[in-house]
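*Asks:* What shape does this take:
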Amino acid sequence: FLFLSILLVGFPLTINNFDNENVNYLELVKNITNELIHTVVKAQIKNPSEINFTNDQVTLLKIKLDQLNESELRFENNIIDNYKSSIIQVNKEINKNLAIYEYGEFVNKFDGVKGIYLNSYDFLNSEKMSSIKAIIDETVVNTLVIDVKTDHGHLMYDSNIQESYEINNERVKFSKESLKDLKTNHNIYLIGRVVAFQDPLFAKKYEESSVFDSKTNSIFSKNGQYFLDPSDQKSRNYVLNVAIEACGLGFDEIQFDYIRYPDTVHNNLVYEEESTFNNRTRNINSFLDEATEILHGEGCLVSADIFGYVLQTRSDNGIGQHLETIVKSVDFISPMVYPSHYSNGSFGYQYPNKYPYEVVSAALNDGLSRGIEIKQLRPYLQGFWHTTEDVRLNIKAAEDMGLDWIIWNNSSMYDENYFTKIESWPIKKSSKI
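*Replies:* Residues are numbered from 1 along each chain as shown. Here you go, the predicted model:
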């Protein structure tokens, strides 16, 4: 009996034993207990005084029993925690796969994504919304891009993010219920636009998270725009939290705009991390990597707006957008290939805006020639400063290359004649992520 007691005292009963060795110490201890009882019975001990323990032995046994109870409790809690963690991970995988599946079903049924941008300040404008809904119902347009976080730093929904309370930046225009009604009544794909690292309200409230101009000794601004530091964790967390809330509102996809550093030649800007090619691209891509992983788990796909010239240049042009790396961090990229934005002489045309089909075709071809897959390339096309025929030529250029598209007009002013009527819809194509 004494030998078995000492054996019990000497056992390494720690949580690591349960995790790392193929030994069930709980069962082993139970067996020892049974052996103890068996030994006592076999010895036919009739007088308890025949079993003698010193005070130290009793104390030691009590300590070991307490440790055993604690270990068993930790073991049970560990099992529960592992189970909960596994359930959460499985749920995330289900959400991700379901989002991919539903997207595939949508584009197969409706011949890809054919979208227009809706300025969310107009969401409660009945006249504007009537026009938008008519376009959706009567033409091939099947997708709306709606601001969640605007260029002005406003959140267009009721947010629970602490910074939103501190900034007082809510301008509520829609809710989960109103988005659901819009989506189901018109059978559309919804993309939530989140302006990332350009935010005048956040920049002015949290100057330590903003890009600093050492020349003016103040936060940097350009044409009324104020930029957040992409290497600043507070800025990154805020933008990501907005995206997560947006996904929960029912958007199918979250699209990050201004996902870049300021486009400026100034050398006097100060960042938390030095502005080098490696740092810039790492900060932009790591943010998108993290956002994509999290948002997939929430059931949303992810896209990024990029400058059109990113399709032509091999560097990041000082803004952190590098084609071959950024495309790996998201499901889709949307280069803004607006003919009016290219300088004179681009692609061999003195006035690029006068040649929408040729310029859009050349720009997109540059992207495809660098290995970007058709299914990932979904350009923003020009819906402003163009005639109806010009806009149609933008669309034709994209479709002739087998690409989906989104038309941008900041005022959400679209002519139905831009778009093909439903009755003359082309044959559906197959598309999967």
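*Asks:* can you map out the helices along the chain?
*Replies:* Along the chain, counting by DSSP state H, helices occupy 2-10, 15-20, 25-42, 55-110, 126-138, 162-167, 176-186, 200-205, 233-248, 277-298, 323-326, 356-369, 388-400.
*Asks:* rank those helices by pLDDT, which is bottom?
*Replies:* Among the helices of the chain, helix 15-20 carries the lowest mean pLDDT, at a mean of 42.
*Asks:* Please identify which of the helices of the chain is closest to I259.
*Replies:* helix 277-298 (6.2 Å; Cβ to Cβ). Quick note: C-beta positions are derived from backbone N, CA and C, even for glycine.
*Asks:* CA atoms only: put the closest one into PDB for me.
*Replies:* C-alpha atoms of helix 277-298 as PDB (Å, rounded to 0.1, in the frame of the first residue of the first chain):
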ATOM      1  CA  PHE A 277       8.700  49.500 -52.100                       C
ATOM      2  CA  ASN A 278       8.900  46.500 -49.800                       C
ATOM      3  CA  ASN A 279       7.200  48.200 -46.900                       C
ATOM      4  CA  ARG A 280       4.400  49.700 -49.000                       C
ATOM      5  CA  THR A 281       3.500  46.600 -50.800                       C
ATOM      6  CA  ARG A 282       3.800  44.500 -47.700                       C
ATOM      7  CA  ASN A 283       1.500  46.800 -45.700                       C
ATOM      8  CA  ILE A 284      -1.100  46.900 -48.500                       C
ATOM      9  CA  ASN A 285      -1.000  43.200 -49.300                       C
ATOM     10  CA  SER A 286      -0.900  42.000 -45.600                       C
ATOM     11  CA  PHE A 287      -4.000  44.100 -44.900                       C
ATOM     12  CA  LEU A 288      -5.800  42.600 -47.800                       C
ATOM     13  CA  ASP A 289      -4.600  39.100 -46.900                       C
ATOM     14  CA  GLU A 290      -6.000  39.500 -43.400                       C
ATOM     15  CA  ALA A 291      -9.200  41.100 -44.600                       C
ATOM     16  CA  THR A 292      -9.800  38.400 -47.100                       C
ATOM     17  CA  GLU A 293      -9.300  35.600 -44.600                       C
ATOM     18  CA  ILE A 294     -11.600  37.200 -42.100                       C
ATOM     19  CA  LEU A 295     -14.300  38.200 -44.500                       C
ATOM     20  CA  HIS A 296     -14.300  34.800 -46.200                       C
ATOM     21  CA  GLY A 297     -15.000  33.400 -42.800                       C
ATOM     22  CA  GLU A 298     -17.900  35.900 -42.500                       C
END
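*Asks:* report the angle between the axes of that helix and helix 233-248?
*Replies:* 30 degrees (axes from the mean of the first three to the mean of the last three Cα atoms, to 10 degrees).
*Asks:* for helix 277-298, the distance to its chain's centre please.
*Replies:* 8 Å (Cα atoms, centre = their mean, to the nearest Å).
*Asks:* Just want the angle from that helix to helix 55-110.
*Replies:* Using the same axes, to 10 degrees: helix 277-298 against helix 55-110 is 90 degrees.
*Asks:* Remind me what helix 277-298 packs against, helices and strands.
*Replies:* Applying 3 or more Cβ pairs under 8 Å, 6 or more residues apart in numbering; DSSP states H and E, one finds that helix 277-298 contacts helix 55-110, helix 233-248, strand 253-257, strand 301-307, helix 323-326.
*Asks:* Next up, the contacts around I372.
*Replies:* 311, 323, 327, 333 (Cβ atoms under 8 Å, 6 or more residues apart in numbering).
*Asks:* which two in those are spaced the farthest apart?
*Replies:* Taking Cβ to Cβ, no two of the contacts of I372 sit farther apart than L311 and V327, at 10.5 Å.
*Asks:* re earlier: hey, which of the helices and strands packed on helix 277-298 is tucked in deepest?
*Replies:* strand 253-257 (a mean of 26; mean count of other Cβ atoms under 10 Å).
*Asks:* packing partners for it?
*Replies:* Strand 253-257 packs on strand 189-195, helix 233-248, helix 277-298, strand 301-307, going by 3+ Cβ pairs under 8 Å, 6+ apart.
*Asks:* try 6 Å this time
*Replies:* Contact here means 3 or more Cβ pairs under 6 Å, 6 or more residues apart in numbering; DSSP states H and E; on that basis strand 253-257 packs against strand 189-195, helix 233-248, strand 301-307.
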